[in-house]
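Trainee: whatever this is, show me its structure:
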Amino acid sequence: MSTEPLTAPAPLRLPDGRPAASAWSLDPRVRHLNHGSFGAVPRAAQEVQAALRRRMEESPVEWFPVQPQRIAEARREIAAFLRAGEEETALVPNASGGASVVFGCLPHRPGAEILVTDHGYGAVTMGAARLARRWGGTVRTVHVPLDATADEACRAVTDAFTDRTALAVVDHITSATARLMPVDRIAAEARRRGVTLLVDGAHAPGMLADPLAGLDADYWVGNLHKFPCAPRGTAALVARTERRQDLHPLIDSWGAPAPFPDRFDHQGTIDATHYLAAPAALAFVEDTWGWDTVRAYVTALADHAQRTVADAFTRLTGEDHTVRVAMPAPALRLVRLPGGRGATREEADALREEAARELRVMAAFTSFGGTGYLRLSAHAYNTPEDYEHFAETCVPVLADWARERRR
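Mentor: Here you go, the predicted model:
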């Protein structure tokens, strides 16, 4: 347990002095400590989306023929937010959907190997496994220790490349373990070795100011409905090589003959208001506080949250619960759970549901290498008091549950 004094950042407030949380419609009876899983949409963006839906329903025949142009306009704003080129950016429903597009459009490589890491997001890894089955090939999982430095993480992945490796899938910010991966360096070596690289950047937009800087990956996917607070179902697929012209959306519609990324703007009669309202969410945060301010705040808040919660567990168990991740993600932190709780994904999911039901707290519980973790998320609407409350009221209960499990 650390003996250094805790320094909590001052909570963010709206220009009129109200707490930042007032700008969201989250249930105030619940502690929301898991922005990282499903995000939270500010009222301003909800209102824009609701207005767009009203217009769509008032005159569908007028709306849908021009919807692709509206999507293209939103895509330009999203590409600018990501600091990506408009011509290399397509909109997809989520990062897993973008990965599925890539998996479905890669040329056939009979018997080839796909490389993933043990930090990979389960759904994306499942997609890679399905592709390997189509190829008659294999998936190989590389172990990257939680405390691996950038050099060590890069070597773990790139030293695993072989002549059979056709594709590597690497997370930008890992979901279960809340760490950055040195994807720029991995990408450079993949390019040199002729290995196609897909970077799963589901958590990177907004949390990183310039997630694509210096990244020479073939494909990158990132969610706008996580840290950037866009309506759910909004993500970007960025393809920076000529291979992008081989990419096609999951649904073929009238835009099929168009080049990438325009063909992705035509998706028939889907309700695409989530794409169209995404710029409102990005603008709300920028106009209210500025993204740089929010990034600095959540990094300080995540540090405070980890110290507060880990120390609370330590006082009860006498063990060190701080998890030392060599490349921590700005807004995410891990705390080791007591008593072997949450050691598998199924156990972690069950613990999440139990905590939501019994403790009225929305928190993420994850597992890695047979160890269970509490993954703390921080966003503009969170305050130090959220995590102090968790440490005071929830940590003792979680410790009791762990003791009961050992009996």
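
Trainee: number of residues surrounding Leu337?
Mentor: By the criterion of other C-beta atoms under 10 Å, Leu337 has 25 neighbours. Using the backbone N, CA and C atoms, a C-beta is placed for each residue, glycine as well.

Trainee: wait, it sits on Trp401?
Mentor: No: contact between Leu337 and Trp401 fails when scored by C-beta atoms under 8 Å: they sit 9.5 Å apart.

Trainee: domain map for the protein?
Mentor: Using automatic domain parsing, the domain ranges for the chain come out as 20-32+290-406, 45-284.

Trainee: can the ones you listed go into a markdown table with extra columns for distance to Pro11?
Mentor: Output for these, formatted as a markdown table (distance: least, C-beta to C-beta, whole Å):
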| stretch | distance to Pro11 |
| --- | --- |
| domain 20-32+290-406 | 4 |
| domain 45-284 | 17 |
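
Trainee: redo the ones you listed as CSV? Include distance to Leu14 and mean pLDDT.
Mentor: Output for the domains of the chain, formatted as CSV (distance: least, C-beta to C-beta, whole Å; pLDDT from 0 to 100):
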stretch, distance to Leu14, mean pLDDT
domain 20-32+290-406, 6, 96
domain 45-284, 11, 97
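
Trainee: so which of the ones you listed gets nearest Ala10?
Mentor: In terms of C-beta to C-beta, the element of those nearest to Ala10 is domain 20-32+290-406, at 8.6 Å.

Trainee: off-centre distance for the closest one?
Mentor: Offset of domain 20-32+290-406 from its chain centre (C-alpha atoms, centre = their mean, to the nearest Å): 17 Å.

Trainee: what is the burial count for Ala51?
Mentor: Using other C-beta under 10 Å, Ala51 is surrounded by 14 other residues.

Trainee: pop out the phi and psi values for it.
Mentor: Phi and psi for Ala51, reported as degrees, to the nearest 10, are phi -70, psi -40.

Trainee: got phi/psi on Val221?
Mentor: Dihedral pair for Val221: phi -130, psi 140, per degrees, to the nearest 10.

Trainee: so it is in contact with Pro205, correct?
Mentor: No: here Val221 does not reach Pro205: they are 9.9 Å apart, not a contact under C-beta under 8 Å.

Trainee: list residues touching both of these two?
Mentor: Common neighbours of Val221 and Pro205 (criterion: C-beta atoms under 8 Å, 6 or more residues apart in numbering): Ala236.

Trainee: any idea which element the residue nearest to the spatial centre of the chain lies in?
Mentor: Nearest to the mean C-alpha position of the chain, by C-alpha atoms, centre = their mean, lies His203 at 2.3 Å. Per DSSP states H and E: His203 is located in neither a helix nor a strand.

Trainee: thinking it is in contact with Leu224, fair?
Mentor: No: His203 is beyond contact range of Leu224, at 11.3 Å (criterion: C-beta under 8 Å).

Trainee: can I take it that Leu115 is in a helix?
Mentor: No: under DSSP: H, G, I helix; E, B strand; the rest coil, Leu115 falls outside any helix and is assigned strand.

Trainee: burial count for the residue nearest to the residue nearest to the centre of the chain when sequence neighbours are not counted?
Mentor: Distance criterion C-beta to C-beta, 6 or more residues apart in numbering; nearest residue to His203, sequence neighbours excluded, is Ile173 at 3.9 Å. The number of residues packed near Ile173 is 30, by other C-beta under 10 Å.

Trainee: can you check Ala256 too?
Mentor: Neighbours of Ala256 (other C-beta under 10 Å): 11.

Trainee: for it, helix, strand, or coil?
Mentor: coil.

Trainee: kindly confirm my reading that Ser367 is in a helix.
Mentor: No: counting by three-state DSSP, one finds Ser367 to be strand, located in no helix.

Trainee: Arg341 touches Arg403, doesn't it?
Mentor: No: counting by C-beta under 8 Å, Arg341 does not reach Arg403; the two are 10.2 Å apart.

Trainee: so for these two, which sits in the more crowded spot?
Mentor: A side-by-side neighbour count of Arg341 and Arg403, using other C-beta under 10 Å, places Arg341 first with 23 against 13.

Trainee: what's the neighbour count on the closest residue to Ala40 other than its chain neighbours?
Mentor: Leaving aside its sequence neighbours, Ala40 sits nearest to Trp24 (C-beta to C-beta, 6+ apart; 5.4 Å). By other C-beta under 10 Å, the residues close to Trp24 number 22.

Trainee: show me what the helix ranked longest in the chain is packed up against.
Mentor: Criterion DSSP state H: the longest helix present in the chain is helix 291-317. Judged by 3 or more C-beta pairs under 8 Å, 6 or more residues apart in numbering; DSSP states H and E, helix 291-317 is in contact with strand 332-336, strand 371-377, helix 384-389, helix 395-406.

Trainee: if you set the cut-off to 6 Å instead, what comes out?
Mentor: strand 332-336, helix 384-389, helix 395-406 (3 or more C-beta pairs under 6 Å, 6 or more residues apart in numbering; DSSP states H and E).

Trainee: most tightly packed of these?
Mentor: Ranked by mean neighbour count, the helices and strands packed on helix 291-317 are led by strand 332-336 with a mean of 26 (mean count of other C-beta atoms under 10 Å).

Trainee: between strand 371-377 and the helix or strand that it is followed by, find me the angle.
Mentor: Helices and strands here follow DSSP H and E; after strand 332-336, the next one along the chain is helix 345-359. Using axes from the mean of the first three to the mean of the last three C-alpha atoms, to 10 degrees, the direction of helix 345-359 lies 50 degrees away from that of strand 371-377.

Trainee: next, the angle from helix 345-359 to helix 395-406.
Mentor: Put simply, helix 345-359 runs at 130 degrees to helix 395-406, going by the same axes, to 10 degrees.
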